[in-house]
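[1] Sequence and predicted structure, then a few things I'm wondering about:
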Amino acid sequence: MKVLVTGAKGFIGKNLCLFLKNRGHIVFEYDLGSTDDELVEYIKQCDFIVHLAGINRPLTPEEFIDGNVNFTKKLLDLVNTNNSKAPVIFTSSTQATLDNPYGKSKKAAEDQLFEFAKEGHQVYVYRLYNAFGKWCRPNYNSVISTFCYNVTHDIPLQINEAAPAIDFVYIDDICAEFTRIIETKPESTNQIMYVEPHYSVTLHDVANLLYSFRSSRSDLQTPLQEGFSKKLYATYLSYLEPADFAYELTNHVDQRGSFTEVLKTMQYGQMSVNVSKPGITKGNHYHMTKNEKYLVVSGKCEIKLRQVFSEKVISYVCDDKHLRVVDIPTGYTHSITNIGKKDSVTLMWASELYDPNIPDTIYCPVEQDEENKK
């Protein structure tokens, strides 16, 4: 489909245009710097219009009327003049219910759209909650973008602890909803619409989450990847400077090789990397509850296991040419030996975080000598 997007260079516009292009649609991008002739040509060709353009931080209150009301009227008049039947999505704001210049201008634009609908046009008017996500300008009109920028640049946050919770909506949820409307063209109800899900969160909680994201590089606690937290973390990462994308890990090195913890989760255990020199054996212990998975990704290793009440040794030879995961069940003492000619690298997942107070790691050789067997 051919979709005209006004305000294409703004925060929502940039994301939506890319979202639509990824779906295979042709996008006509209209913004400051575009000409009236281009706008007319886009209207003549398009199958759908998404009207995002507007003013939210003017130098004078009068600019609200010009940017939000007058331009909307101009757009709708051009649609009529050129006999376009393209449906229109219009992005309003939850502030349209408030008695302030911005809210009033958005409400006036909404009214224009609903009058336009009475002429037989399909119209979808969305009052957006506070939008957040990648490419939103900090220190402008998004508190989350400002907070993300500040935390990633070690700038203190100013938080009003008494402030009520704020309703937020994620940019990709907005893009997905608008794309659904564009691709399915459901019958319009000429009623106010909202993008869901939205999240009601205090700034105190937002700040705590952002600080936890920053500290995750040192404590290795992987941020919770669900709901608001997942979307906030994706947003947070987009504000890192390129020089800050990478971070160092603590590498525990000895004559046998090294062991490095990579990430930890309270719910799903931890991931580590084990490097062993040729001929080195590590392990010879078992766990009562903790279970593990080993994956040799470089070199060649022999993984041996023995049920603690049995004499039978089970062996798996693993190398980087035939990747396979070996489960380490509870109650099985186990070891891993580098039987290759170069350093081996093994990814190790454990179902629990290591707790020195409750290590759940009991020494027990896999290979029993004759005296032990007696």
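    Structure received. Predicted model only: the values in this text are computed from it and were never measured.
[2] Quick check: bridge partners of Thr91?
    When assigned by DSSP bridges, Thr91 has beta-bridge partners Tyr126.
[3] how much space between it and Ile166?
    Using Cβ to Cβ, to the nearest Å, one gets 18 Å for the distance from Thr91 to Ile166. C-beta: built from backbone N, CA, C; applies to glycine.
[4] I'd guessed Pro329 sits against Asn291; true?
    Yes: with contact defined as Cβ atoms under 8 Å, Pro329 counts as touching Asn291 (6.2 Å).
[5] So between the two, which is more surrounded?
    The residue with more neighbours, out of Pro329 and Asn291, is Asn291; 16 against 12, by other Cβ atoms under 10 Å.
[6] quick one, what contacts that one?
    Asp327, Ile328, Pro329, Thr330, Ala350, Ser351 (Cβ atoms under 8 Å, 6 or more residues apart in numbering).
[7] Just the buried positions in stretch 21-37, please.
    Judged by neighbour count (16 or more other Cβ atoms under 10 Å), stretch 21-37 contains these buried residues: His25, Val27, Phe28, Glu29, Tyr30, Ser34.
[8] Take the contacts of Asn291 and keep only those in helices.
    Where the contacts of Asn291 are compared with helices, as defined by DSSP state H, there is no overlap at all.
[9] Show the buried residues in these.
    Ile328, Ala350.
[10] Among the contacts of Asn291, which lie within strands?
    Asp327, Ile328, Ala350 (DSSP state E).
[11] Throw these into JSON lines and include pLDDT and distance to Leu209, thanks.
    Formatted as JSON lines, those follow (pLDDT from 0 to 100; distance: Cβ to Cβ, whole Å):
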{"residue": "Asp327", "pLDDT": "98", "distance to Leu209": "34"}
{"residue": "Ile328", "pLDDT": "98", "distance to Leu209": "34"}
{"residue": "Ala350", "pLDDT": "97", "distance to Leu209": "26"}
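[12] Kindly indicate which of those residues lies nearest Asn141.
    Ala350 (44.8 Å; Cβ to Cβ).
[13] bridging residues for that closest one?
    Here Ala350 sits in beta bridges with Gln270, Glu292, going by DSSP bridges.
[14] Surely it touches Asn274?
    No: with contacts defined as Cβ under 8 Å, Ala350 does not count as touching Asn274, sitting 11.3 Å away.
[15] Need the three-state assignment for Lys107.
    Lys107 carries the three-state label helix when classified by DSSP: H, G, I helix; E, B strand; the rest coil.
[16] residues contacting it?
    With contact taken as Cβ under 8 Å, 6+ apart, Lys107 is in contact with Ser92, Ala96, Thr97.
[17] Show residues contacting stretch 1-15.
    16-17, 20, 25-32, 42-43, 45-54, 75, 86, 91, 131, 133-137, 142, 171-172, 174-175, 182-183.
[18] Can you get me the start-to-end distance on it?
    End-to-end span of stretch 1-15 (Cα to Cα, to the nearest Å): 17 Å.
[19] In strands, which of the contacts of stretch 1-15 fall?
    Restricting those to those inside strands, with DSSP E as the criterion, leaves Ile26, Val27, Phe28, Glu29, Tyr30, Phe48, Ile49, Val50, His51, Thr91, Ala131.
[20] out of the contacts of Lys107, who has the most neighbours?
    Counting neighbours by other Cβ under 10 Å, the top entry in the contacts of Lys107 is Ser92, with 22 neighbours.
[21] ok, that one - contacts?
    Applying Cβ under 8 Å, 6+ apart, we find Ser92 in contact with Lys106, Lys107, Ala109, Glu110, Val125, Tyr126, Arg127, Leu128, Ile192.
[22] Put the buried members of those residues into a PyMOL selection.
    To isolate the buried subset of the contacts of Ser92 in PyMOL, counting by 16+ other Cβ under 10 Å, use the following:
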select buried, resi 106+107+109+110+125+126+127+128
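[23] Leu232: which of the contacts of Ser92 is nearest?
    For those, with Leu232 as the reference and Cβ to Cβ as the criterion, the closest is Leu128, at 17.4 Å.
[24] and Ala243, how far is that from Asn251?
    Distance from Ala243 to Asn251, counting by Cβ to Cβ: 21 Å.
[25] so which helix or strand takes in the residue nearest the centre of the chain?
    To find the centre residue of the chain, average its C-alpha atoms and take the closest one (Cα atoms, centre = their mean): that gives Ala234, at 3.0 Å. Per DSSP states H and E: Ala234 is located in helix 227-237.
[26] Which residues belonging to that helix are considered buried?
    By neighbour count with 16+ other Cβ under 10 Å, helix 227-237 contains the buried residues Phe228, Ser229, Lys231, Leu232, Tyr233, Ala234, Thr235, Tyr236.
[27] out of Ala243 and Asn251, which sits in the busier spot?
    Neighbour count, other Cβ under 10 Å: between Ala243 and Asn251, Asn251 has more, with 11 against 6.
[28] Can you give me every residue that contacts the more buried one?
    Taking Cβ under 8 Å, 6+ apart as the definition, contacts of Asn251 comprise Ser258, Thr260.
[29] Report the separation between it and Gly257.
    When Asn251 is compared with Gly257 (using Cβ to Cβ), they lie 10 Å apart.
[30] just Lys321 next, same as before
    From Lys321 to Gly257 the distance is 21 Å (Cβ to Cβ).
[31] Between those two, which is the more surrounded one?
    It is Gly257, of Lys321 and Gly257, that has more neighbours when counted by other Cβ under 10 Å, with 19 against 6.
[32] which residues touch the more buried one?
    Contacts for Gly257 (Cβ under 8 Å, 6+ apart) come out as Asn274, Val275, Ser276, Lys277, Ile280, Lys282, Asn338, Asp343, Ser344.
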